[in-house]
Every structure is written in structure tokens, then in C-alpha cells.
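Trainee: Starting from these lines, generate the structure:
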Amino acid sequence: MDLAHQRAIAVIAHIDHGKSTLSDRLLQLTGTVSERDMREQYLDSMDLERERGITIKAAAVRMEYKAADGEVYEINLIDTPGHVDFGYEVSRSLAACDGVLLLVDAAQGIEAQTLTNLYLAVDAGLEVIPVLNKIDLPAAQPEKYAEEIAQLIGCDPNEIHRISAKTGEGVAALLEDIVNRIPTPKGDPEAPLRALVFDSTYDAYRGVIAYIRVIDGSLRKGDPILLMATEVEVDADEIGVMAPMAKPTQVLETGEVGYLIAGIKDVSEAKVGDTVTHRGKQQAPEPLPGYREPKPMVFAGIYPIDGDDFPELRDALDKLELNDAALVFEPESSTALGFGFRCGFLGLLHMEIVRERLEREFNLTLIATAPSVGYEIELEGGSKRVVRNPTDMPDPSNIVEVQEPYVSVMVVTPSEFTGTVMQLCQERRGELKEMHYLSPERVEIRYHMPLGEIIFDFFDQLKSGTKGYASLDYEPVGLKPSQLVKVDVLLNGQPVDAFSTIVHRDKAYGYGKNMTERLRKLIPRQMFDVPIQAAIGSRVIARETVKAKRKDVIAKCYGGDVTRKRKLLEKQKEGKKRMKQIGAVEVPQTAFIEALRVDADSAGSKT
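Mentor: Numbering: from 1, shown residues only. Below is the predicted model of the structure:
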């Protein structure tokens with residue numbers, strides 16, 4: 001189809017604002033999916049996506065639409081993830097589009113993550129069509145939120161589409177507007193091939209399937225190709241389009257969206273954002289802009305509860321890595337938890353999804369340690385190292401400076417909760433950068449904060465402090481020096497690596513006090529007193545004691561002189577003293593699991 005009749009669009013929306021439902025109505029109205037084959041959330045292929053109502057993997061589908069002017073148009077819809085963890089994937093999906101639908105819930109208004117993705121679209125120079133969804137809800141306030149969107153993007157409130165993706169009301173008019181307002185592809189059909197990889201997935205039988213948008217030139221079946229970032233040289237064994245099932249074709253022309261199968265066995269060789277070009281003389285002089293390596297932001301240890309499952313966990317992570325280039329892991333061991341893996345994730349939602357997939361798809365029972373971030377440490381002598389696990393923290397006397405990752409946090413909240421949000425951010429060492437009102441009732445607040453402060457219960461406290469109305473988004477801004485220390489937890493004088501953590505010096509006492517009190521309740525009583533201590537280096541900052549069990553050794557003394565009882569008690573005291581010197585504290589696995597689960601549950605993982 002010629003360029004004048006091609007359109008490529010993405011839908012940007014917050015979780016649960018109706019993006020997948022709108023995609024379903026577009027597929028139905030264009031006749032791409034028959035009524036018999038139709039199901040809810042058609043483009044969401046994973047069970048987790050369907051259960052949670054979120055999009056984790058991007059999906060693309062080609063629709064043919066006969067417009068009011070009698071012409072047939074080809075509309076390529078790229079369904080993007082909406083969560084902050086997948087911001088880079090969203091930016092690459094937007095780079096493959098010519099315009100976006102800004103979808104906003106008419107009962108909730110625009111949210112922080114939607115606002116971030118909108119800024120990405122505006123920066124990319126894309127045409128934005130604003131849409132208010134769920135106008136059929138009793139709580140909908142379309143006029144109020146139309147004014148808010150109009151002020152934000154500078155349009156007339158009457159130009160904003162008011163639809164109900166559930167009932168289909170207003171969707172037909174939206175399709176016409178897509179054809180009329182979204183520009184045609186800007187690529188050059190005569191230039192050397194440049195195609196953008198905006199997503200990739202792994203098939204056990206066919207290898208990696210890369211989803212691409214041809215920006216310049218054309219790609220034919222059998223062409224020798226090069227992936228420019230990874231320098232992988234392969235041949236295009238099969239190319240085709242998703243309509244919505246895979247449909248092989250002989251050629252993909254400029255502007256078209258499709259898939260590529262080239263016998264690649266590792267998804268890390270076809271990374272999101274890479275550029276596909278021809279090999280040899282027809283190679284493009286430079287790749288498409290915007291590519292970057294996936295960079296884990298959050299790290300956690302994942303251990304099998306049953307130590308015999310370690311080989312199964314290793315195989316499961318290997319298989320999951322085939323589908324997820326952003327997941328990184330390396331073996332580690334813990335005296336408390338046994339053998340496991342230190343894994344790197346894009347964020348807390350990514351971590352939660354990986355863990356749930358491991359448990360569900362591979363039938364494993366796992367425990368995850370409290371999430372942490374990567375710290376850059378400068379040592380005496382000028383050398384630097386990155387520490388992702390608290391147990392790897394060097395001796396404090398050798399440390400010159402510790403730098404931690406900072407993020408730019410955007411919170412959108414009703415204006416009545418402004419004080420609550422600002423207080424919460426300042427408690428987490430936040431620095432206020434800007435604040436402006438989207439409307440008289442809603443305000444956008446920006447802070448720079450340490451990432452380590454966000455991954456612990458920040459989101460939960462934000463939601464509870466604003467009655468659930470605030471929304472959160474963040475993006476990395478680099479490293480800053482901080483006064484950080486490693487807090488160890490010692491049982492009977494022996495450090496337990498599973499409970500070690502790196503915190504700011506001002507918060508070390510609070511963490512130590514909290515952990516020692518929690519462990520005192522969880523650890524069963526022994527035959528001798530067990531001290532539980534939190535320490536920074538050699539300095540103890542908090543202590544609790546699990547009192548000893550006491551066998552009634554004087555029960556047999558029914559009479560006689562008191563010296564008989566005293567002799568037995570002294571003998572018991574000596575025995576306990578000797579036992580404490582050589583005895584090991586018996587800590588059941590359930591105590592470790594419970595202590596770490598409390599940490600994980602308070603980490604705000606439901607972002």
C-alpha cells in the first residue's frame with residue numbers, strides 16, 4: 001500500500017484507563033478480528049496481563065479500514081506498556097509511530113505515568129489525538145477533564161473525543177479522525193534499509209521474532225541483514241505482518257510494521273531500539289537514534305525455599321531470559337538461605353512479574369530478599385566499584401565516597417493533598433524541583449529523590465496519604481554522593497547476611513531497631529539467651545534479647561536446706577554459659593521467610 005494510505009499509531013494511557021478495551025473495539029470495527037474469534041484484551045497474550053489488566057509486552061497489529069471517503073487505509077496499531085518500569089520500551093514504540101491517542105479515564109483524569117509518556121510523544125514530534133474514555137460511567141466528568149487536557153496540550157476542549165471503549169460509543173468517529181489527522185510515514189523508500197526493532201520475543205521452535213517498523217528503504221525475504229547495535233549478521237528467513245495473526249509476506253516497504261525471523265537464538269541479540277539494515281554496500285551509514293542498553297535499576301536475591309530446587313531455578317531463569325533481555329542474574333549464596341541468584345530488574349513491577357512467572361510457569365516456591373539498588377563506591381587509591389549486594393560492601397575505613405542513584409519523581413495529586421505529598425517526599429530526602437497546577441483541583445509536583453527511598457513502601461504511603469488519588473512516575477537522573485552505611489544484623493555475635501542492608505546514616509538506627517524487634521518475635525527461644533544486635537561496622541546501634549528457656553532443675557527438691565537449690569541453679573547457670581559459647585542458634589527457615597516477606601511487602605511493589 002502506498003505511503004499516503006498508511007498510518008501508524010500508539011495508545012498511551014495509565015493502567016486501567018481502557019487501552020486494551022479500545023484496541024479490542026478498533027479490531028472489531030475494522031473487521032480485523034471476527035466476532036467468533038473475539039475475546040477481551042485480545043492483544044494481551046500473557047495470563048498475567050489478562051489477570052492484572054495491564055500491558056507488559058508491546059504488541060502490534062495491522063488493520064484495514066475503509067474510510068468515509070471510500071479509500072482503504074492501512075492502520076498499524078502498536079499497543080505499548082503503560083508502566084514506568086517499561087519507559088524505554090514505550091519510547092521505542094513511539095519512535096515507530098506517526099501519532100498517538102492520548103487516552104484518559106473520564107472519571108479519574110490524567111495520571112503521572114500518562115503525562116510522562118505524553119511528554120515523550122511531544123518530544124518525538126508526534127501528532128496527539130486526545131480521547132476521554134469511560135463516559136458511560138456514573139462518576140465520569142468529561143467536561144472537567146476535557147478542560148484539563150486542553151490546558152495541557154493547547155487544544156479546544158470540544159476537539160477532544162468522548163468515547164466509551166466498552167460500549168463502542170464514539171469509536172467510529174475516532175477512527176475517521178485517525179485517518180484524517182495522523183500524518184503519513186516520513187521515510188525515504190529509495191534510501192538504504194533502516195528498520196527499528198520496537199519489541200522482540202522468543203519462540204521455542206523458530207528462535208527470536210523481532211517486531212519492526214521499516215523507516216527507510218524496504219526489506220525482502222532472504223535479504224542479508226545486520227543488526228547495528230549488536231553487530232549480528234543474519235539472513236531474513238521470514239518476514240510478515242500481524243493481521244492479527246502472523247501472515248508471511250515477500251517484502252516490507254517503507255512505513256510498514258511487521259515481524260522478522262532470522263534464526264537468532266538469543267533475544268539479547270535483537271534488542272529493543274536496535275536498527276536493522278542490509279549488509280555490505282547497501283548498509284545504512286548510521287543507525288536510528290535513541291538506542292540504549294537495558295539497564296537494571298533494582299536488585300534482589302531470589303532463592304528457592306527448598307534447596308534441592310536450585311538447578312530448576314537456574315534452568316527457569318535461563319528460559320525466562322530468552323524472552324526478557326532486561327533480566328540479568330548471577331549466582332550468589334547466603335549462609336541463611338543457601339544457594340540462589342542475585343537478579344537485576346527494570347523496577348519493582350518487573351521484579352514482581354519475573355518472580356510470579358517463575359513460580360507459576362516453572363512450579364517453583366521462591367523467596368526474594370528485600371530489593372536494593374546499585375551503589376558506586378570510590379575506594380582509597382582511586383579505584384571504583386559497583387555494589388549491588390550489601391554483603392559486598394567494602395570495609396568502611398577503605399571508602400572515600402559512596403554515590404547512589406537518584407530519580408526525578410513526578411506526583412500528580414488532588415491539590416488538597418499537596419502538603420501530605422511534600423512532607424512524605426521530604427522525609428525520603430527529596431529535593432523539590434518544581435510544582436504547577438494542571439487545574440485548580442490537581443497539581444503536578446516534581447522532586448529529585450534517591451531511588452533506594454522509593455523502592456521501600458513509598459508508593460503505599462503515597463496512596464494511603466492521598467486516599468488513593470495520587471499517581472507516581474519516575475526516571476533516572478544520575479548518581480549523587482550520600483552518607484550511606486551498611487547495617488549488619490548479628491545473632492549471638494554472628495552476622496546474618498540475609499538481613500544486611502545499605503541505608504542512609506540518619507535512618508540506620510530506625511532500620512536496626514525495627515529488624516531486631518521483628519526477629520525477637522520470630523526466633524524461637526533457645527536453652528540460652530540469644531542477643532540480636534544491629535551494628536554499623538563494630539558499633540552496635542540496637543539490641544534485643546530472646547530470653548532462654550528455663551528447665552525447672554529444683555523441682556525435685558521438696559525440702560532440705562536452700563544451699564541444695566542454690567547448688568543446682570549454679571550448675572545450670574554454668575551449663576548455659578558453656579552452651580552459649582559453643583552452641584549455634586537454631587533459626588527456622590520460616591523466621592527468615594517471614595522477616596524478609598515483611599520487608600518485601602512494605603517495599604511498595606504494587607506500583
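Trainee: Please make it C-alpha for all contacts and neighbour counts, starting now.
Mentor: Will do.
Trainee: Now do the longest strand belonging to the chain, average pLDDT.
Mentor: Residue-count comparison of every strand in the chain, with assignments taken from DSSP state E, identifies strand 399-414 as the longest. With pLDDT averaged residue by residue, strand 399-414 scores 88.
Trainee: elements contacting the following helix or strand past it?
Mentor: Proceeding N to C from strand 399-414, the next assigned helix or strand is helix 418-427, under DSSP states H and E. Counting by 3 or more Cα pairs under 8 Å, 6 or more residues apart in numbering; DSSP states H and E, the packing neighbours recorded for helix 418-427 are strand 442-450, helix 458-465.
Trainee: what separates the longest strand of the chain from the chain centre, distance-wise?
Mentor: Relative to the centre of its chain, strand 399-414 is centred 16 Å away, using Cα atoms, centre = their mean, to the nearest Å.
Trainee: Can you show me the CA trace of it as CSV?
Mentor: Coordinates of the C-alpha atoms in strand 399-414 are reproduced here as CSV (Å, rounded to 0.1, in the frame of the first residue of the first chain):
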residue,chain,number,x,y,z
ILE,A,399,35.7,4.0,51.5
VAL,A,400,36.3,7.6,50.3
GLU,A,401,32.8,8.3,48.9
VAL,A,402,29.5,6.4,48.2
GLN,A,403,27.3,7.5,45.3
GLU,A,404,23.7,6.4,45.0
PRO,A,405,21.3,6.6,42.0
TYR,A,406,18.8,9.5,42.1
VAL,A,407,15.5,9.7,40.2
SER,A,408,13.2,12.5,39.1
VAL,A,409,9.9,11.8,40.8
MET,A,410,6.6,13.2,39.4
VAL,A,411,3.5,13.0,41.5
VAL,A,412,0.1,14.1,40.2
THR,A,413,-2.4,14.6,43.1
PRO,A,414,-5.5,16.5,44.1
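Trainee: Give me the residues contacting it.
Mentor: Contact with strand 399-414 is made by 111-112, 373-380, 441-452, 466, 469-484, as judged by Cα atoms under 8 Å, 6 or more residues apart in numbering.
Trainee: Buried members of these into PyMOL, please.
Mentor: Once 16 or more other Cα atoms under 10 Å is used to decide burial, the buried members of these can be selected in PyMOL as follows:
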select buried, resi 111+112+373+374+375+376+377+378+379+442+443+444+445+446+447+448+449+450+451+452+466+470+471+472+473+474+475+479+482+484
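Trainee: ok, back up a step: name every strand pairing with the longest strand of the chain and say which way it goes.
Mentor: For strand 399-414, the paired strands and their directions (DSSP bridges) are strand 375-379 (antiparallel), strand 442-450 (antiparallel), strand 471-481 (antiparallel).
Trainee: could you dump the ones you listed to a markdown table with mean pLDDT?
Mentor: Formatted as a markdown table, the entries for the strands paired with strand 399-414 read as follows, by pLDDT from 0 to 100:
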| stretch | mean pLDDT |
| --- | --- |
| strand 375-379 | 89 |
| strand 442-450 | 90 |
| strand 471-481 | 84 |
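Trainee: now those strands in JSON lines, with distance to residue 533?
Mentor: Output for the strands paired with strand 399-414, formatted as JSON lines (distance: least, Cα to Cα, whole Å):
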{"stretch": "strand 375-379", "distance to residue 533": "25"}
{"stretch": "strand 442-450", "distance to residue 533": "27"}
{"stretch": "strand 471-481", "distance to residue 533": "28"}
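Trainee: for those, which one sits closest to residue 63?
Mentor: Ranking the strands paired with strand 399-414 by distance to residue 63, with Cα to Cα as the measure, places strand 471-481 first at 32.1 Å.
Trainee: Show me how far the closest one is from its chain's centre.
Mentor: From the chain centre to the centre of strand 471-481 is a distance of 14 Å (Cα atoms, centre = their mean).
Trainee: following it, which helix or strand comes up?
Mentor: Towards the C-terminus, the helix or strand next in line after strand 471-481, according to DSSP H and E, is strand 484-491.
Trainee: show me the residues around the residue lying closest to residue 244 once chain neighbours are set aside that make contact.
Mentor: Across the structure, with Cα to Cα, 6 or more residues apart in numbering as the measure, the residue nearest residue 244 apart from its sequence neighbours is residue 61 (5.2 Å). When contacts are counted by Cα under 8 Å, 6+ apart, residue 61 is found next to 76, 77, 78, 241, 242, 243, 244.
Trainee: Just the element for the third one, please.
Mentor: So that's residue 78. Taking DSSP H and E as the criterion, residue 78 maps to strand 72-79.
Trainee: Would you map the helices across this protein?
Mentor: For the chain, the helices defined by DSSP state H occupy 19-29, 47-52, 87-95, 112-123, 142-153, 171-181, 310-323, 348-361, 418-427, 451-454, 458-465, 508-522, 562-582, 589-601.
Trainee: Select, out of the strands paired with strand 399-414, the one closest to residue 368.
Mentor: It is, among these and with distance given as Cα to Cα, strand 375-379, at 19.8 Å.
Trainee: How about residues contacting that closest one?
Mentor: Outside strand 375-379, the residues within contact range by Cα under 8 Å, 6+ apart are 384-388, 398-405.
Trainee: between those residues, which is closest to residue 351?
Mentor: Distances from the contacts of strand 375-379 to residue 351 were compared by Cα to Cα; the smallest belongs to residue 388, at 15.1 Å.
Trainee: Which residues are in contact with that closest one?
Mentor: Taking Cα under 8 Å, 6+ apart, we find residue 388 in contact with 299, 372, 373, 374, 375.
Trainee: Who are the contact partners of the residue nearest to the first one when sequence neighbours are not counted?
Mentor: The reference is to residue 299. Taking Cα to Cα, 6+ apart as the measure, residue 299 lies nearest to residue 344, with 4.5 Å between them; neighbours along the chain are not counted. The neighbourhood of residue 344, defined by Cα under 8 Å, 6+ apart, consists of 296, 297, 298, 299, 300, 327, 328, 329.
Trainee: Among the residues you listed, which one has the most neighbours?
Mentor: Each of these was scored by neighbours using other Cα atoms under 10 Å; the highest score is residue 299's, at 24 neighbours.
Trainee: so it makes contact with residue 350?
Mentor: No - counting by Cα atoms under 8 Å, no contact exists between residue 299 and residue 350, whose distance comes to 10.9 Å.
Trainee: what residues are shared contacts of those two?
Mentor: Common contacts of residue 299 and residue 350 (Cα under 8 Å, 6+ apart): none found.
Trainee: starting at the chain centroid, how far to stretch 478-491?
Mentor: 23 Å.
Trainee: contacts for it?
Mentor: Taking Cα under 8 Å, 6+ apart as the rule, stretch 478-491 contacts 390, 393, 401-407, 495-497, 499-505, 508, 512, 515-516, 530-537, 585.
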